[in-house]
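Peer 1: Below are the sequence and a predicted model; questions follow.
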Amino acid sequence: MNEQDKVEGVFSLPQRQHVLGVFRYFTRNAWLLIRSFWPALAGLAISDSVRMYTGLVSVIVLIGLCAFAALEHWRFTFKIDAGSLIIERGILERERLVIPLDRIQTVHTEELFWHRFFSLVGLRIDTAGSSGAEVELTALKKDQASLLIDVLSSAHHEPKAEVAPLIQLDWEKLFRIGLTQNHLRNAMISFGAVVAVAEPLMEWVEQALDSLPTVWIWAFKFAWIFAVPLFGLFFLFTGLLVSLLGALLRYHRLTVRLTSSHLEMKGGFLKKFEFKLPLHKIQMLEGKSGILQRLAGFQTVKIHQARSQSNADAGGVNVVIPGLSREEMATLNSGIYKEDCTSEALRLKPHSIWWVRRAVLFIAWSTIPLFLWPNFLVVLFAFAWAAWSIYSSAMLHRQMCLIVMPSELIFRSGWRVQLSRRIELRKLQRVTLRANWFMRKKGVSNVVLLTAAGPLTLPYVPLFQAKELRDKALFEIESTQVPWM
Amino acid sequence: MQKNHFSKKGKAYLVPKLTMADLFQNPSSRIDSLPQVDESQFEPMPARYKRLRWSVFMAVVILGLAALIFPAVWFAMSEEESVPGVLWVVFATMAVFIGIWAMEELRGFPIRGVLVRDHDLTFRSGYWVREMVTVPFNRIQHSEVSQGPLARAFGVCTLKLYTAGSSGANLRVPGLDFARAQQLRAFLDERAGQS
């Protein structure tokens, strides 16, 4: 009996997860319940006649959730037998899942905040054909999980050579990433949260104001104008703080490794994660950079899988890599895709009528307040809006282009926030040409290339080029023998 | 008939001896030389479907006009009140709407059609917004033929094709003859199974 057999022997009898897995089932089911019945819950909170039963209903729901979680944990067993992972689960309807070990592609680990207090870890097991995680083991002891991972990965005899990380975030880089987030959006979210909880505090604020001397109130009446810049600064500072905190929580000690077959990521602060994503499951690579990020010389990359696999609720993983420099981005691109974007590649751009139409539509909106409130300030605002519409439309048109390589596409768009999306033509799902009456008169058409991760739309392409692009895409899809996922 | 290939020692090989050129060919091809979707080959939709669409159109127009004419007549017959301006605006809007819809039926119906090739299916539709959707067979996850009560009355149905990447049917071909749709579906399933 070799070492591998001994390890497999440890799991030869049906085993349950750690008893604290009940807590994970409880929180997951509670969240599902709230999400599914939130309109009913809101109704309960508003209705006075029903609110009196809140306590009773809460107790019943709580007991139900606890019982359900305990049963779910009790009925879930796993074992390894004859080269397969065998899961039995289900309360009313029993399910027996047999997953051959050689079908297992990735095993993600997840370490939530409370997991760490008890040396626990969660596992997500992903197979070749599954859309998302096929199985989730919510809580295992670390040593048990480590043994299980060894067994589950034993079918893949990949050389375990240490690969230098593509990116490894230290505190300085994490700080820079935090600084280059969208502070305005974060500040707005924080402000919204404050407003939402402010109502109960209003009484307290009024009491505090009443207790102030009258002279202070008078001073406030005249000095409020000075508070505006202070409030602005406070607003921005809050946004910055939230950005830094968000970056710390999401990307703490993030390490990304790119091997010949996988992308490996690990990191996280409160919720630690570690997973391997097979490169062939990548449907689209999206690079994104705002003004601040471009000034700092890096961009954020989002890796799109088929939509069902990016859905965290379905057990998928959302892959975002921040702070990639130009060189790191080039390495990532060359690791995933095979072609080089040369200057000889065909570049398609929208017809210039696209930006004129966009600007006209935007300007048309600004005429509505002009009719409703015709005064100097509104006229001034309308002119400023018109100028902005023309400028932004022209800039968008200038930036937007589709680079067509022999078997890949790169779609660039955006000017303040620049996006670059890269796909393989053979992974497309369908192609649509769409043109309204006006576009047909101008001889242009929208090309919608649908990938499993979502659509790419290039607007106002000359019709003959749109048709050529469609025919090329169809040729690539239909002539390939390689599976798209 | 496949010939046997013999080496100098007289041993027979089961497969022909291949050269590198036989194993791997990578001829350059211009985009415009690739197979093209020939728009003159589209198969038109059945006349029954045309009747169904016109019936729906007429029903909506009659109901809409009736809903407007009754209050208009009531106001006209009333001695105290004249027909309010908002009713005229609604009338005008409806007239424009009917005109656009009628044009869609008149000019758009002949454009509707299906093109089935060896490896894909294309559906073309729309006068005001022309759309041509092509779904390769090797991307079809599953297909479905559905028929509501109205479609059943006119003997037509809708073929739905599902691919990855979005929820709901990715291509809907409404107005197919039921037998034709079943035949098409069987063909699609066979081709999708082969790829």
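Peer 2: That came through fine.

Peer 1: okay, now the domains of the chain?
Peer 2: In the absence of a named chain, this looks at chain A. Here the domain parsing of chain A from automatic domain parsing is A:3-155, A:174-251, A:252-336, A:338-350+A:400-485, A:353-387.

Peer 1: Actually, chain B is the one I wanted.
Peer 2: Split by automatic domain parsing, chain B gives B:47-109, B:111-194.

Peer 1: The shortest one close to chain A?
Peer 2: No: if you take Cβ under 8 Å from any Cβ of the partner chain as the test, domain B:47-109 misses chain A, and the best it gets is 9.5 Å. C-beta here means a position set from N, CA and C on the backbone, and glycine is covered the same way.

Peer 1: For chain A, what lies in contact range of chain B?
Peer 2: A:306-308, A:346, A:428-437, A:440, A:450-455, A:467-472, A:474-475, A:477-478, A:484-485.

Peer 1: Can you tell me which of the domains of chain B is nearest to A:Arg185?
Peer 2: Comparison of the domains of chain B against A:Arg185 by Cβ to Cβ identifies domain B:111-194 as nearest, at 26.8 Å.

Peer 1: Where do the strands of chain B begin and end?
Peer 2: Assigned by DSSP state E, chain B shows strands spanning B:5-6, B:12-13, B:43-44, B:113-116, B:120-125, B:129-136, B:142-146, B:156-162, B:171-177.

Peer 1: To chain A, which of those lies closest?
Peer 2: Among the strands of chain B, the nearest to chain A by Cβ to the nearest Cβ is strand B:129-136 (4.6 Å).

Peer 1: how far does the closest one sit from the chain's center?
Peer 2: Relative to the chain's own centre, strand B:129-136 is displaced by 7 Å; criterion: Cα atoms, centre = their mean, to the nearest Å.

Peer 1: could you give the mean pLDDT of that strand?
Peer 2: Mean per-residue pLDDT for strand B:129-136: 94.

Peer 1: got the buried residues for it?
Peer 2: B:130-136 (16 or more other Cβ atoms under 10 Å in any protein chain shown).

Peer 1: Dump the domains of chain A into a markdown table; add mean pLDDT as well.
Peer 2: Shown next, in a markdown table, are the domains of chain A (pLDDT from 0 to 100):
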| stretch | mean pLDDT |
| --- | --- |
| domain A:3-155 | 82 |
| domain A:174-251 | 80 |
| domain A:252-336 | 85 |
| domain A:338-350+A:400-485 | 91 |
| domain A:353-387 | 90 |
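
Peer 1: Now do the contacts for A:Tyr337.
Peer 2: A:285, A:408, A:422, A:424 (Cβ atoms under 8 Å, 6 or more residues apart in numbering or on different chains).

Peer 1: got the contact list for the residue in the stretch 201-350 of chain A that chain B sits nearest to?
Peer 2: When distances are taken as Cβ to the nearest Cβ, the stretch 201-350 of chain A reaches nearest to chain B at A:Ala306, 5.5 Å away. For A:Ala306, the contact set (Cβ under 8 Å, 6+ apart) comprises A:131, A:281, A:283, A:452-453, A:485, B:164-165.

Peer 1: Show me the shaky parts of chain B.
Peer 2: B:1-34, B:166-169, B:192-195 (pLDDT under 70).

Peer 1: Where do the helices of it begin and end?
Peer 2: Using DSSP state H, the helices of chain B run over B:20-23, B:47-77, B:85-108, B:149-154, B:178-194.

Peer 1: Stretch A:228-246: which residues count as buried?
Peer 2: A:235, A:238-240, A:242-244, A:246.

Peer 1: Any idea how far it is from the middle of the chain?
Peer 2: With Cα atoms, centre = their mean as the basis, the mean position of stretch A:228-246 lies at 24 Å from the chain mean.

Peer 1: could I get the helix or strand in which A:Ile368 is found in PDB with only the CA atoms?
Peer 2: Secondary structure assigned from DSSP states H and E places A:Ile368 in helix A:353-372. Provided in PDB are the C-alpha atoms of helix A:353-372 (Å, rounded to 0.1, in the frame of the first residue of the first chain):
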ATOM      1  CA  ILE A 353     -22.100  59.500 -37.900                       C
ATOM      2  CA  TRP A 354     -22.200  57.400 -34.700                       C
ATOM      3  CA  TRP A 355     -20.700  60.200 -32.600                       C
ATOM      4  CA  VAL A 356     -22.700  62.900 -34.300                       C
ATOM      5  CA  ARG A 357     -25.900  61.000 -33.600                       C
ATOM      6  CA  ARG A 358     -24.900  60.400 -30.000                       C
ATOM      7  CA  ALA A 359     -24.100  64.100 -29.400                       C
ATOM      8  CA  VAL A 360     -27.400  65.200 -31.000                       C
ATOM      9  CA  LEU A 361     -29.400  62.800 -28.800                       C
ATOM     10  CA  PHE A 362     -27.700  64.000 -25.700                       C
ATOM     11  CA  ILE A 363     -28.200  67.700 -26.700                       C
ATOM     12  CA  ALA A 364     -31.900  67.000 -27.400                       C
ATOM     13  CA  TRP A 365     -32.300  65.900 -23.800                       C
ATOM     14  CA  SER A 366     -31.000  69.300 -22.600                       C
ATOM     15  CA  THR A 367     -33.700  71.200 -24.500                       C
ATOM     16  CA  ILE A 368     -36.400  69.800 -22.200                       C
ATOM     17  CA  PRO A 369     -35.400  72.000 -19.200                       C
ATOM     18  CA  LEU A 370     -35.000  74.900 -21.600                       C
ATOM     19  CA  PHE A 371     -38.700  74.700 -22.500                       C
ATOM     20  CA  LEU A 372     -39.800  74.100 -18.900                       C
END
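
Peer 1: What is that helix packed up against?
Peer 2: On a contact count with 3 or more Cβ pairs under 8 Å, 6 or more residues apart in numbering or on different chains; DSSP states H and E, helix A:353-372 meets helix A:376-399, strand A:454-462.

Peer 1: rewinding a little: okay, the strands of chain B in TSV with distance to chain A next?
Peer 2: Putting these into TSV (distance: least, Cβ to the nearest Cβ, whole Å) gives the following:
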stretch	distance to chain A
strand B:5-6	26
strand B:12-13	25
strand B:43-44	18
strand B:113-116	12
strand B:120-125	6
strand B:129-136	5
strand B:142-146	13
strand B:156-162	9
strand B:171-177	7
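
Peer 1: Helix or strand for A:His108, just tell me which one.
Peer 2: A:His108 belongs to strand A:104-111, assigned by DSSP H and E.

Peer 1: Counting by contacts, list what that strand packs against.
Peer 2: With 3+ Cβ pairs under 8 Å, 6+ apart as the test, strand A:104-111 has strand A:120-127, helix A:142-152, strand A:272-278 packed against it.

Peer 1: Just say which of those is most tucked in.
Peer 2: strand A:120-127 (a mean of 22; mean count of other Cβ atoms under 10 Å in any protein chain shown).

Peer 1: Pull up the pairing partners for that strand, direction included.
Peer 2: Applying DSSP bridges, strand A:120-127 is found paired with strand A:104-111 (antiparallel), strand A:135-141 (antiparallel).

Peer 1: Now do the last one against helix A:142-152, angle only.
Peer 2: Interaxial angle of strand A:135-141 relative to helix A:142-152 (axes from the mean of the first three to the mean of the last three Cα atoms, to 10 degrees): 140 degrees.

Peer 1: Which residues does strand A:135-141 contact?
Peer 2: Against strand A:135-141 from outside (Cβ under 8 Å, 6+ apart): A:17-18, A:20-21, A:23-25, A:28, A:78, A:85, A:87, A:97, A:99, A:115, A:118-125, A:145, A:148, A:315.

Peer 1: For it, buried residues please.
Peer 2: Quick answer for strand A:135-141 (16+ other Cβ under 10 Å): A:135-140.

Peer 1: for stretch A:443-463, same thing?
Peer 2: Buried, per 16+ other Cβ under 10 Å, within stretch A:443-463: A:444-454, A:456, A:458-463.

Peer 1: Span of stretch A:369-385 from start to end?
Peer 2: With Cα to Cα, to the nearest Å as the measure, stretch A:369-385 spans 12 Å from end to end.

Peer 1: neighbouring contacts of the strand holding A:His108?
Peer 2: By Cβ under 8 Å, 6+ apart, strand A:104-111 touches A:85, A:120-128, A:133, A:145, A:149, A:152-153, A:155, A:262, A:268, A:271-278, A:317.
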